[in-house]
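Undergrad: Sharing a model prediction with you, sequence too.
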Amino acid sequence: MKSLAELVLIKEKMKDQIIPSAGSDEIRVVVGLATCGIAAGARPVLSTLLEGVEKADLGDKVSVTQTGCIGICQYEPVVEVYEPGKDKITYVKMTAEKAARVVEEHLKGGKVVTEYTIGNNLVGQAEKKDNAPDSLNDVIFYEKQTRVALRNCGVINPEVIDEYIARDGYAALAKVLTEMTPDEVIDTVLASGLRGRGGAGFPTGKKWQLARNLVKDGGKKYVCCNADEGDPGAFMDRSVLEGDPHAVLEAMAIAGYAIGADEGYIYVRAEYPIAIHRLEIALNQARQYGLLGKDIFGTGFNFDISLRFGAGAFVCGEETSLMTSIEGKRGEPRPRPPFPAVKGLFDRPTILNNVETYANIAQIILKGADWFASMGTEKSKGTKVFALGGKITNTGLVEIPMGTPLREVIEVIGGGIPHGKKFKAAQTGGPSGGCIPAHLIDTPIDYDNLLAIGSMMGSGGLIVMDEDNCMVDIARFFLDFTVDESCGKCTPCRVGTKRMLEILDKIIAGKGELEDIDRLEELANYIKSASLCGLGQTAPNPVISTLRYFRDEYIAHVVDKKCPAGVCKSLLRYSIDKEKCIGCGMCAKNCPADAISKTDYTAPGHKLPSLAIDAAKCVKCGVCMQNCKFGAVEKK
Amino acid sequence: MKKKLTTVDFCGTKEQEEKLVAVIAELKDTKGAMMPILQKAQEIYGYLPVEVMRIIAAHTGKSLEEIFGIATFYSQFALNPKGKVSIAVCLGTACYVKGSGDIYNKVGEELGLVGGGTTSDGKFSLEATRCIGACGLAPVLTVNEQVYGRLTTADIKGILDQYR
């Protein structure tokens, strides 16, 4: 492709195929085929639809295709039907059998199979409603979102470049190369207020400006993409790569033009095979079209991108470690300064941005900095994607404007906590972040607010916890992670986190003393201030933040030797309420330790004697509790 | 995590070695090629025993120490072969808060592999993994790429029995 005209031509040709416009008679059926969809069984659904359409001879009217993550994890596999001039229909929890019925009744017969649509299958909704919505667009989980970074995810087929082009793909690159100077590009990104979506929130335009201006020796510069999404519990970047890989490639080329680089690297987790596969396809297609490579759009601008795969080291999400890893070494961090803008990959000026950051760039160029800056709060512009998980009704991907209160995310979009449990805390920022307790649920989510309350934006994991989660245990979980992932280069992180973990283990085992809490705090402050890189500097955050908001839980473990949430096994005791026990013996039958036996007490109104647990034999596995249908087993 | 050297005898073939040497030749001029070389080597052999690292050292001119240092740094490089039935329990945050710790222990007890490892007959191996991105199905485990989701400890025996 040598000219803009060719790009426009493809766009025109494809226009009606993505979302059929009124008047056309085409029907488009998409199946969510991201990692979670595939895991839930989307492949047989896709093949049934394809076969069904072919058998019914609907081939010239109905197109069936795959798409990326639609964002509603627990409704997977998801199938959506776009008919001209109508709201799309969202079928959820599909199987091959259900798909066959959809072909027969809906695609052939023109009648929506309401039984399978989202409104009739909402999680936590007991009975059917008469006017339940058939479209995801009308479900509150989706209605409240604003999709910028995810605008193509779940809409286009990520393996077909024409579909990306149909949705204004590569138009921003064309605009930048033909109408804007590099400085104008940087000024636009600066004015948009976009900040790094990897978590730290450094202004993206500023980063580009430094890389453009600090070194002007005419030598090599690099553009890198951090797709090493390591926060356990976050999967936004994966979804973007699986659902809209070209958005990242286009933005990297724009960044290359802005800073004066002709080479880019995407460092992606090896744990994301589907994302890697789609990136490879996207790279090949972009090269074939001449959108990557030499003399792009005939402007003389050259840019190409290579993929590098991580190998399971969390520290490689840190910028200097990531670059060391691309260089083919142990992924250890380097001291800063010099910053990567001066001396980065292969000792040359380098910018590194996160996947979601790049996913915003083309939109900012096309729609303008003012449009982007109109969303969000004073210092945090635009939207943020969160991977909502844990104890929440609607797990999935949500993209919300910055400044949305946490309460809205949890209670409205997330649909609240299942099983009538109480919200206890939300964890953001993964092993580097902290928790937001229930009394701060009205905090508007942006970079600065989260920092002020001792958490951080992080890359976007948002894990919800209810009253059954023990905060000491959660802190221990994250610390165990950092101890495992500490690269070992600097002592405060390598040794300090290990000592903190030992203290937490001691507390959880019921052997803690009050002084241990002070020791934890002291160590946490040393590690924070003395560690070499971001991993160590933030490693104590989960402990600091749980100590700040849930100190009473630590004290309960240390002083009363009790775990209020009933999680820490050494501090637990299972017992049977002898008045509730009907003596059925299900608990004793299933007990792996033979710790349950009959007593000689029979509760009034019951025929059989109740049972009791021998604490000395009990292994605290909880099987008795799972098997008791009468709620007679208690843990304290 | 500390990596243990394997006790399983090396049984690499001539074909595997030729493949590896070809990969190294192909990547010779790539900057920072050591990671891709090790990744390809692991694809070819299934793991990275010292014998394989020696081949790489000989053909790249790097020292065995440097290669060993890289191989032990990244958790995905395995110094031990995987079992024929390879089980991975996700201990990512979402799975963990939904009880995947108990699932991991239960699998370990069933197979006599508490804390992970490979059974002496090489049949089963168990490992804990970070988030595999199926948080909506938490807690999950995978057996040779097959994902099992929304698990309770009561499901474990049934799943394992399919592979015994």
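TA: On my side now, so go ahead.
Undergrad: Tell me which helix or strand in chain B has the weakest average pLDDT.
TA: Ranking every helix and strand in chain B by mean pLDDT, DSSP states H and E puts helix B:93-97 at the bottom, with a mean of 79.
Undergrad: other SSEs contacting that one?
TA: With contacts taken as 3 or more C-beta pairs under 8 Å, 6 or more residues apart in numbering or on different chains; DSSP states H and E, helix B:93-97 sits against strand A:383-390, strand A:461-466, helix A:471-485. Every residue, glycine included, has its C-beta placed from N, CA and C.
Undergrad: and it, how far from the chain's centre?
TA: The chain centroid and the centroid of helix B:93-97 are separated by 21 Å, computed with C-alpha atoms, centre = their mean, to the nearest Å.
Undergrad: With just CA atoms, put the very next helix or strand once past it into PDB.
TA: Following helix B:93-97 in sequence order, the next helix or strand is helix B:100-111 (DSSP states H and E). Output in PDB follows, covering the C-alpha atoms of helix B:100-111 (Å, rounded to 0.1, in the frame of the first residue of the first chain):
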ATOM      1  CA  SER B 100      -7.100 -22.600  44.700                       C
ATOM      2  CA  GLY B 101      -4.500 -23.100  47.500                       C
ATOM      3  CA  ASP B 102      -6.700 -26.000  48.800                       C
ATOM      4  CA  ILE B 103      -7.000 -27.400  45.300                       C
ATOM      5  CA  TYR B 104      -3.200 -27.300  44.900                       C
ATOM      6  CA  ASN B 105      -2.700 -29.200  48.200                       C
ATOM      7  CA  LYS B 106      -5.400 -31.700  47.400                       C
ATOM      8  CA  VAL B 107      -3.800 -32.600  44.000                       C
ATOM      9  CA  GLY B 108      -0.500 -32.800  45.800                       C
ATOM     10  CA  GLU B 109      -1.900 -35.200  48.400                       C
ATOM     11  CA  GLU B 110      -3.600 -37.400  45.700                       C
ATOM     12  CA  LEU B 111      -0.400 -37.800  43.700                       C
END
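Undergrad: Mark out where each domain of the chain begins and ends.
TA: Reading this off chain A. As given by automatic domain parsing, the domain ranges for chain A are A:16-136, A:161-373, A:383-466, A:471-558, A:573-635.
Undergrad: Chain B was what I was after
TA: Taking automatic domain parsing as the criterion, chain B consists of the domains B:14-73, B:85-161.
Undergrad: for the domains of chain A, which one sits closest to chain B?
TA: With C-beta to the nearest C-beta as the criterion, chain B lies closest to domain A:16-136 of these, at 2.5 Å.
Undergrad: and A:Ala174, how far is that from A:Asp552?
TA: Separation of A:Ala174 from A:Asp552 (C-beta to C-beta, to the nearest Å): 59 Å.
Undergrad: Could you tell me the average pLDDT over stretch A:468-485, please?
TA: For stretch A:468-485, mean pLDDT rounds to 94.
Undergrad: hmm, it touching chain B?
TA: Yes: Stretch A:468-485 reaches chain B (C-beta under 8 Å from any C-beta of the partner chain) through A:469, A:474, A:477, A:484.
Undergrad: Run the chain-centre distance for that stretch.
TA: With C-alpha atoms, centre = their mean as the basis, stretch A:468-485 stands 19 Å off its chain's centre.
Undergrad: Using CSV, write out every CA atom in that stretch.
TA: Extracted in CSV, the C-alpha atoms of stretch A:468-485 (Å, rounded to 0.1, in the frame of the first residue of the first chain):
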residue,chain,number,x,y,z
ASP,A,468,-14.5,-14.5,54.2
ASN,A,469,-11.1,-13.2,53.1
CYS,A,470,-8.4,-12.8,55.7
MET,A,471,-6.3,-9.7,55.1
VAL,A,472,-3.2,-11.1,56.8
ASP,A,473,-3.5,-14.1,54.5
ILE,A,474,-3.9,-11.9,51.5
ALA,A,475,-0.8,-9.8,52.5
ARG,A,476,1.1,-13.0,52.9
PHE,A,477,0.0,-14.2,49.5
PHE,A,478,1.4,-11.2,47.8
LEU,A,479,4.6,-11.2,49.8
ASP,A,480,5.1,-14.9,49.0
PHE,A,481,4.8,-13.8,45.3
THR,A,482,7.4,-11.0,45.6
VAL,A,483,9.8,-13.2,47.5
ASP,A,484,9.5,-15.7,44.7
GLU,A,485,9.9,-13.1,42.1
